[in-house]
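Student: sequence first, then the predicted structure:
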2 protein chains.
Amino acid sequence: MPIKYCNQCGGLTTLKIPHGDNLPRVVCENCGFIQYENPRVIVGCIPEWKDQILLCKRAIEPRLGFWTLPAGFLENNETTQEGALRETKEEANASATIIDVFSLIDIPHINQVYLLYRAKLEDANFSATFESSDVALFDESSIPWDDIAFAAIKKSLKRYFSDKRSGTFSLHAETINVSTLKKHRIGS
Amino acid sequence: MPIKYCNQCGGLTTLKIPHGDNLPRVVCENCGFIQYENPRVIVGCIPEWKDQILLCKRAIEPRLGFWTLPAGFLENNETTQEGALRETKEEANASATIIDVFSLIDIPHINQVYLLYRAKLEDANFSATFESSDVALFDESSIPWDDIAFAAIKKSLKRYFSDKRSGTFSLHAETINVSTLKKHRIGS
């Protein structure tokens, strides 16, 4: 939502290019404070258990009822790996250990950067949570491909199984933009 | 700086854990709006020209007078690669093309995630800018190691030349925390 008031003094803000800058910023008309807005990082895991991976069925909006990997916004004071494991715990009640970074996906039109890690489940204990109405293991043939919540997750899963077949996992970096979404008719 | 006022209604805020959350957030006492605070992404390049790489001498704080790679905060509506190239243009007046992602560095105590790309300068044209009092090419032996501005940059440069000697570049993921900084006596 657009910023209307200064978070330092409560004064009204306006959009203008500050001296020495080249982009419009939210600047307070009263005290001059600049509120910068920057992209956010989404961290998550591709949790492996034997030949399957764990997915969560979303119990909350956006994309309620669709399946996804455990992932969410990186919090202050945590590393991207800590955040990925925290989301796995919060969304799937599952404990995992990081294997390696797998996906780096830019989604500039919604100001997001995804970092997804391959991870190994510590055991087969997982369960539904506040955020997930169901949590389950899937092999490639059973993945609900038409009911995956987000484009970045669908692309990462496709790449994951492709790499798995080839026997070598490598970092996949790509950009999802509006034309990608239209072409593949997938959600953001 | 701590948030005092709501950016939606100008009301006073307070720190509290919203229903369904598990971390304290900045919540407006008047309208209930939650202002989330999340880490920011710093994007930059390791610009190569023949056997040298390009560094910038900082003309602004923080770390004025110290050398760094062209890098800065990722902006809304751009990809990490676009941001890395933009910073190279803004800080060094240099045009480059991305080769590959090289560094993924978490710095949780200051809420930053670095993504540095290896890049190839399109030509040997570069110059000082508003942000850089000097811009120059260095080979490994001439790098001003004691005058590098930031820990993430110093670590990335060390790894870069190590990989270069071995003949294979790969992604380096690591965390810089307060104890790392004390051990190596380097800035954040």
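Tutor: Everything's here; your move.
Student: how far off centre is the host helix or strand of A:Lys183?
Tutor: According to DSSP states H and E, A:Lys183 maps onto helix A:178-184. Put simply, helix A:178-184 sits 18 Å off its chain's centre (C-alpha atoms, centre = their mean, to the nearest Å).
Student: which strands or helices does it pack on?
Tutor: helix A:151-166 (3 or more C-beta pairs under 8 Å, 6 or more residues apart in numbering or on different chains; DSSP states H and E). No exception for glycine: its C-beta is placed from N, CA and C like everyone else's.
Student: other SSEs contacting the helix it packs on?
Tutor: Helix A:151-166 packs on strand A:40-49, strand A:96-107, strand A:112-121, strand A:172-175, helix A:178-184, going by 3+ C-beta pairs under 8 Å, 6+ apart.
Student: partner strands of the longest one, parallel or antiparallel?
Tutor: Each strand that pairs with strand A:96-107, with its direction, by DSSP bridges: strand A:112-121 (antiparallel), strand A:172-175 (parallel).
Student: the most centrally placed residue in chain A pairs with what?
Tutor: Chain A has A:Ile42 as the residue nearest its centroid, 3.4 Å off, counting by C-alpha atoms, centre = their mean. Judged by DSSP bridges, the bridge partners of A:Ile42 are A:Phe73, A:Tyr114.
Student: pretty sure it sits against A:Leu69.
Tutor: No. With contact defined as C-beta atoms under 8 Å, A:Ile42 and A:Leu69 do not form a contacting pair (10.2 Å).
Student: by mean pLDDT, which helix or strand of chain A comes out lowest?
Tutor: Sorted by mean pLDDT, DSSP states H and E, the helices and strands of chain A end with helix A:178-184, the least confident at a mean of 74.
Student: which parts of that helix are buried?
Tutor: Buried residues in helix A:178-184, counting neighbours by 16 or more other C-beta atoms under 10 Å in any protein chain shown, are found at A:Thr180.
Student: keeping just the C-alphas, turn it into PDB.
Tutor: C-alpha atoms of helix A:178-184 as PDB (Å, rounded to 0.1, in the frame of the first residue of the first chain):
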ATOM      1  CA  VAL A 178       4.600 -10.600 -16.600                       C
ATOM      2  CA  SER A 179       5.200 -12.100 -20.100                       C
ATOM      3  CA  THR A 180       6.500 -15.400 -18.500                       C
ATOM      4  CA  LEU A 181       3.300 -15.700 -16.500                       C
ATOM      5  CA  LYS A 182       1.000 -15.000 -19.500                       C
ATOM      6  CA  LYS A 183       2.900 -17.400 -21.700                       C
ATOM      7  CA  HIS A 184       2.600 -20.300 -19.200                       C
END
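Student: for A:Ile148, find the nearest of the strands paired with strand A:96-107.
Tutor: strand A:112-121 (13.3 Å; C-beta to C-beta).
Student: related to what we said a few turns ago, how about the strands paired with strand A:96-107 in JSON lines, adding mean pLDDT and mean neighbour count?
Tutor: Formatted as JSON lines, the strands paired with strand A:96-107 follow (pLDDT from 0 to 100; neighbours: other C-beta atoms under 10 Å in any protein chain shown):
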{"stretch": "strand A:112-121", "mean pLDDT": "98", "mean neighbour count": "23"}
{"stretch": "strand A:172-175", "mean pLDDT": "96", "mean neighbour count": "17"}
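Student: quick one: low-confidence parts of chain A?
Tutor: For chain A, the stretches with pLDDT under 70 are A:184-188.
Student: switch to 80 and redo it
Tutor: Scanning chain A for pLDDT under 80 picks out A:179-188.
Student: report the separation between the residue of it positioned farthest from its centre and A:Thr14.
Tutor: Distance to the chain centre peaks in chain A at A:Asn30, reaching 36.4 Å (criterion: C-alpha atoms, centre = their mean). Counting by C-beta to C-beta, to the nearest Å, the gap from A:Asn30 to A:Thr14 is 10 Å.
Student: same check on A:Val135?
Tutor: For A:Val135 relative to A:Thr14 (C-beta to C-beta), the value is 47 Å.
Student: which one of the two is surrounded by more residues?
Tutor: Shown here are A:Val135 and A:Thr14; by other C-beta atoms under 10 Å in any protein chain shown, A:Val135 has more neighbours (21 against 12).
Student: where's the nearest residue in space to A:Phe169 that is not next to it in sequence relative to B:Phe169, distance?
Tutor: In space, and not counting its chain neighbours, A:Phe169 is closest to A:Asp163: 4.6 Å by C-beta to C-beta, 6 or more residues apart in numbering or on different chains. Computed as C-beta to C-beta, the A:Asp163 to B:Phe169 distance reads 19 Å.
Student: ok, A:Phe102 next?
Tutor: Applying C-beta to C-beta to A:Phe102 and B:Phe169 gives a distance of 18 Å.
Student: higher neighbour count, the two?
Tutor: Neighbours per residue (other C-beta under 10 Å) separate A:Phe102 from B:Phe169, with A:Phe102 holding more: 21 against 17.
Student: walk me through the domains of chain A.
Tutor: Residue ranges for each domain of chain A read A:1-37, A:40-184, as given by automatic domain parsing.
Student: closest one to B:Leu64 among those domains?
Tutor: domain A:1-37 (14.3 Å).
Student: and the closest one, how far apart are its ends?
Tutor: Domain A:1-37 stretches 11 Å from its first residue to its last (C-alpha to C-alpha, to the nearest Å).
Student: may I see the buried residues of that domain?
Tutor: A:3, A:5-11, A:13, A:25-28, A:35.
Student: identify the residues contacting A:Ala128.
Tutor: A:59, A:93, A:134-135 (C-beta atoms under 8 Å, 6 or more residues apart in numbering or on different chains).
Student: if any of those are buried, put those into a PyMOL selection.
Tutor: A single PyMOL command selects the buried members of the contacts of A:Ala128 (16+ other C-beta under 10 Å):
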select buried, chain A and resi 93+135
